[in-house]
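J.: Need coordinates for the following:
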Amino acid sequence: MQKTSKALLGLATAFVMSSALPNLAKADELTLCWAAWDPANALVELSKDFTAKTGTQMKFEFVPWTSYADRFLNELNSHGKLCDLIIGDSQWIGGSAENGHYVKLNDFFDKEGIKMDDFVPATVVGYSEWPKNTPNYWALPAMGDVVGWTYRKDWFEKPELQKEFKAKYGWDLAAPKTYDQLKQIAEFFQKREIDGKTVYGASIYTERGSEGITMGVTNVLYDWGFQYDNPKKPYDMEGFVNSDDAVKGLEFYKSLYDCCTPPGSSNVYMVESADAFKSGQVAMQMNFAFTWPGLYKDEKVGGDRIGFFPNPAEKAHFAQLGGQGISVVSYSDKRDAALQYIKWFAQPDVQAKWWELGGFSCLNSVVNAPSFAKSQPYAQAFLDSMAIVKDFWAEPSYASLLQAMQKRVHNYVVAGNGTAKEALDGLVKDWGDVFKDDGKI
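T.: Here you go, the predicted structure:
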């Protein structure tokens, strides 16, 4: 659930691989398919070690996020042989498992001693399991990601702004803990002049064409009490998707859009939000954690100028899960060799180097290491965020579910059509129609 960025995140560091991999299945070349973004560049660098150990050359098929789903879902649905390995979006797991696109990995994991308990639990559920919360594994957690926030730490620390903010709101200007605090900060900075330039409060996701506004609004909806369905009765959505609390959450997201975003914010997703921050337009920006290393290195807004914080809380505390797992494509003629890449990638020393290069490891031994929280300025915010993740539907019909939510939410939040209650009532109907067609209800 990401889009294209531009520069390699992280620098290659010297890191000694441990033991050689015994009994490797041989293949001259493997093709790995993923999106074209910074972590993919880091994976190319990392995979040089796999080639050095095995002699297997790695070929990479990377496409922009705007065409990522169409390109590779079409490839899978046509039983194509382009991809031996694929790092597929978390929402694909249900359809790819039920349609036989991915190799089930349970027997391989058992044989090689790869334990899912060694990975962050939320990433196992989000990236690997289908059905959810069952020990049926179709991917190895590969790229942890989650929506969080960056802020202009240098602006927040200006004494004159701290004094004015404290006088107005009664609390110290700092990274917000709740959405009410976040909105107060956004209102405070909206159309304020800083260093001779007019700035704005916050950049949030509003894009309609793919998944943007859904990946944004869910962070707020979850915290107000929105649930996808009745925890005691699957696909029973009335009163959960459109509860009174969920309505209030959607109203809040619209109020944040209306009060505190820059001009021209009607179609914002990851790239646009990062650009708004890098250009000095906004005090805060919502974005996936994968953008943080590049933003920290930015000459104009990075370093001491930038701070990071997890998604704020309200009645509850969640953040929208991003990220992906790595799977072996069942149509590949090189499945055995592809499985050996999975085995190699799962090694603790490889996972540690993955983090060093700019990937986001999901291995407990990496993220729970005593030194991890201080290994990067954004590491603690990443840890805190991954502890509160929640994901969108991963049903085989997720694309139809997503399109319905994109339309309903965008029409209300951005276009200003109807009420929040009408939008969520309509969403219950849309999703109900999808599940009726699927024979689920």
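J.: what are the phi and psi angles of Gly322?
T.: Backbone dihedrals for Gly322, given as degrees, to the nearest 10, come out at phi -120, psi -150.
J.: and the helix or strand where Val409 lies, average pLDDT?
T.: Per DSSP states H and E, Val409 falls inside helix 398-413. The pLDDT scores in helix 398-413 average 97.
J.: how far is it from where the chain is centred?
T.: Distance of helix 398-413 from the chain centroid (Cα atoms, centre = their mean, to the nearest Å) equals 18 Å.
J.: Just the residues contacting that helix, thanks.
T.: 69, 91-92, 94-95, 206, 208-214, 217, 250, 253-254, 257, 392-393, 395, 417-420, 422-424, 426-427, 430-431, 434 (Cβ atoms under 8 Å, 6 or more residues apart in numbering). Yep, even glycine has a C-beta here, placed from its N, CA and C like the rest.
J.: make it 7 Å
T.: Defining contact as Cβ atoms under 7 Å, 6 or more residues apart in numbering, one finds that helix 398-413 is touched by 91, 94, 206, 208, 211, 213-214, 217, 250, 253-254, 257, 392-393, 395, 417-418, 420, 423, 426-427, 430-431, 434.
J.: Could you measure from the nearest residue to Arg208 once chain neighbours are set aside over to Ile213?
T.: For Arg208, ignoring the flanking residues on the chain, the nearest one in space by Cβ to Cβ, 6 or more residues apart in numbering is His410 at 4.2 Å. Distance, His410 to Ile213, by Cβ to Cβ, to the nearest Å: 5 Å.
J.: Neighbour count: those two, which is higher?
T.: Ile213 (30 against 22; other Cβ atoms under 10 Å).
J.: I figured the more buried one hits Asn219, correct?
T.: No - with contact defined as Cβ atoms under 7 Å, Ile213 and Asn219 do not form a contacting pair (11.1 Å).
J.: check contacts around the residue of the chain most remote from its centre.
T.: The centre of the chain is farthest from one residue, Ala167, which by Cα atoms, centre = their mean lies 36.8 Å away. Ala167 makes contact with no residue under the criterion Cβ under 7 Å, 6+ apart.
J.: ok, and it, which helix or strand is that part of?
T.: Assigned by DSSP H and E, Ala167 falls within helix 159-169.
J.: Quick check: mean pLDDT of that helix?
T.: Helix 159-169 comes out at a mean pLDDT of 98.
J.: buried set for it?
T.: By 16 or more other Cβ atoms under 10 Å, the buried positions in helix 159-169 come out as Leu161, Phe165.
J.: What's the mean pLDDT across the helix or strand following it?
T.: Per DSSP H and E, helix 159-169 leads on to helix 179-189 as the next helix or strand towards the C-terminus. Averaged over helix 179-189, pLDDT sits at 98.
J.: buried set for the next helix or strand after helix 179-189?
T.: Where DSSP H and E defines the elements, the next helix or strand beyond helix 179-189 is strand 192-194. By 16+ other Cβ under 10 Å, the buried positions in strand 192-194 come out as Arg192.
J.: my guess is Ser243 contacts Tyr228, does it?
T.: No - between Ser243 and Tyr228 there is no contact under Cβ under 7 Å: 11.5 Å.
J.: Neighbour count: these two, which is higher?
T.: Shown here are Ser243 and Tyr228; by other Cβ under 10 Å, Tyr228 has more neighbours (20 against 17).
J.: and that one, which of the three is it?
T.: coil (DSSP: H, G, I helix; E, B strand; the rest coil).
J.: Quick check: it vs Asn219, distance?
T.: 14 Å.
J.: ok, now Gly148?
T.: 9 Å.
J.: Now for those two: what residues contact both?
T.: Asn311, Ala319.
J.: where along the stretch 251-400 of the chain do the strands fall?
T.: 282-288, 306-310, 319-328, 389-390 (DSSP state E, counting those that start in this stretch).
J.: I'd like those laid out as a markdown table, including distance to Ser375, mean pLDDT and mean neighbour count.
T.: Formatted as a markdown table, these follow (distance: least, Cβ to Cβ, whole Å; pLDDT from 0 to 100; neighbours: other Cβ atoms under 10 Å):
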| stretch | distance to Ser375 | mean pLDDT | mean neighbour count |
| --- | --- | --- | --- |
| strand 282-288 | 19 | 98 | 26 |
| strand 306-310 | 13 | 98 | 21 |
| strand 319-328 | 19 | 97 | 27 |
| strand 389-390 | 20 | 96 | 22 |
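J.: Export those strands to a markdown table and append columns for distance to Glu75.
T.: Below are those laid out as a markdown table (distance: least, Cβ to Cβ, whole Å):
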| stretch | distance to Glu75 |
| --- | --- |
| strand 282-288 | 24 |
| strand 306-310 | 35 |
| strand 319-328 | 13 |
| strand 389-390 | 28 |
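J.: Show me the one of those that comes nearest Ala202.
T.: strand 282-288 (4.5 Å; Cβ to Cβ).
J.: quick check: angle from the closest one to helix 159-169?
T.: In terms of direction (axes from the mean of the first three to the mean of the last three Cα atoms, to 10 degrees), strand 282-288 departs from helix 159-169 by 80 degrees.
J.: For the residue nearest the centre of the chain, which residues count as its bridge partners?
T.: Closest residue to the average C-alpha location of the chain: Gly322 at 2.0 Å, with Cα atoms, centre = their mean. With DSSP bridges as the criterion, Gly322 is bridged to Asp145.
J.: how about the helices in the stretch 201-350 of the chain?
T.: Secondary structure of the stretch 201-350 of the chain, counting by DSSP state H, counting those that start in this stretch: helices at 212-224, 244-260, 270-278, 292-297, 335-345, 348-357.
J.: Highest mean neighbour count out of the ones you listed?
T.: helix 212-224 (a mean of 26; mean count of other Cβ atoms under 10 Å).
J.: Which strands or helices does it pack on?
T.: helix 244-260, strand 319-328, helix 398-413 (3 or more Cβ pairs under 7 Å, 6 or more residues apart in numbering; DSSP states H and E).
J.: can I get the ones you listed in JSON lines with distance to Lys48?
T.: Listed next are these as JSON lines, based on distance: least, Cβ to Cβ, whole Å:
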{"stretch": "helix 244-260", "distance to Lys48": "43"}
{"stretch": "strand 319-328", "distance to Lys48": "17"}
{"stretch": "helix 398-413", "distance to Lys48": "34"}
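J.: Tell me which of these sits nearest to Pro121.
T.: Closest to Pro121 of the helices and strands packed on helix 212-224, according to Cβ to Cβ: strand 319-328, at 12.0 Å.
J.: Give the other helices and strands that the closest one contacts.
T.: Identification of packing neighbours for strand 319-328 by 3+ Cβ pairs under 7 Å, 6+ apart yields strand 85-89, helix 121-127, strand 140-152, helix 212-224, helix 335-345, strand 389-390.
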